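Participant: quick one: sequence plus predicted model below, questions after.
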Amino acid sequence: MLIAGFRAGAWETNCYLVAPAAGEECVIIDPGHQAAQGVEEAVRKHRLKPVAVILSHGHIDHVASVVPVCGAHDVPAWIHPADRYMMSDPEKAIGRSIGMPLMGEITVGEPDDVRELTDGAGLTLAGLEFTVAHAPGHTKGSVTFRLPEGAGGDDIPPVLFSGDLLFAGSVGRTDLPGGDPAEMLESLARVCLPLDDSTVVLSGHGSQTTIGRERATNPYLRAVLPGGNSGTTGATGFGSGPDAAPRRGM
């Protein structure tokens with residue numbers, strides 16, 4: 001399996017191109033701010049044919065390049081319905097008043113073909129089977145995408161594209177509109193804890209990690225382990241205070 005990732009734009013959002021191998025069809029995950037050029041470079045380098053864009057959530061740092069990327073390759077974009085409005089109304093998604101400048105070079109809107117994600121759905125794209133899990137907490141429509149063990153060969157571990165649910169050592173912020181600390185903890189417990197320790201986590205910001213590493217060291221994931229103390233990351237533990245999650249992206 002080929003996974004080509006790069007950090008894009010002012011928020012250093014991770015964008016991923018996923019394919020069974022070089023020279024084949026691919027899926028693009030989270031083409032955010034200033035990601036279009038990086039996408040085209042990866043497509044040329046690996047001789048890829050994009051067939052879809054899939055979005056972990058609707059914040060502008062993850063969707064700003066959806067229109068040009070989808071338009072350049074005539075492909076659909078997939079997003080959870082609870083976050084779809086953010087593509088056309090990013091100011092509302094981050095608590096700004098309509099009309100306030102949001103990095104003036106960004107042209108917001110929907111691509112021509114938008115399709116909606118549902119919890120538990122299996123997306124067969126580019127010869128790969130992605131399992132969708134609804135994971136609210138960062139936004140109401142946040143999702144993760146999981147590829148099973150062996151998806152790209154017998155020696156390939158399972159992979160979780162976690163968006164802004166789980167980071168190396170932290171989690172996504174919950175202090176923007178639609179964020180909810182209790183939902184974040186519930187999503188961590190429901191989506192992440194059942195996964196095998198070998199699962200590779202490719203998040204929306206920051207470096208690669210594994211479920212095993214985060215289970216052992218991430219205070220937010222440890223808080224939802226059986227017998228853990230969820231009070232350490234309760235309603236005031238996200239986006240404020242000395243133990244708050246770092247504000248990566250939006």
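Facilitator: Alright, I've got the coordinates.
Participant: let me know the secondary structure of residue 7.
Facilitator: strand (DSSP: H, G, I helix; E, B strand; the rest coil).
Participant: with adjacent residues omitted, what lies nearest to it?
Facilitator: residue 14 (5.8 Å; C-beta to C-beta, 6 or more residues apart in numbering). (Glycine included, C-beta is placed from N, CA and C.)
Participant: per-residue confidence for the one you found?
Facilitator: Predicted confidence (pLDDT) for residue 14: 97.
Participant: next up, the contacts around it.
Facilitator: By C-beta atoms under 8 Å, 6 or more residues apart in numbering, the contact set of residue 14 is 5, 6, 7, 8, 30, 202, 203, 204, 205, 206.
Participant: and the next element down the chain from the worst-scoring helix or strand of the chain on mean pLDDT?
Facilitator: Lowest by mean pLDDT, DSSP states H and E among the helices and strands of the chain is helix 90-93, with a mean of 70. Counting by DSSP states H and E, the next helix or strand C-terminal to helix 90-93 is strand 114-116.
Participant: can you list the neighbours in contact with the next helix or strand after that following strand?
Facilitator: Next along the chain after strand 114-116, taking DSSP H and E as the criterion, comes strand 122-125. Outside strand 122-125, the residues that touch it by C-beta under 8 Å, 6+ apart are 25, 27, 51, 52, 54, 78, 117, 129, 130, 131, 132, 145.
Participant: what's near enough to touch the second one?
Facilitator: What that stands for is residue 27. 17, 18, 19, 50, 51, 52, 53, 54, 125, 126, 128, 130.
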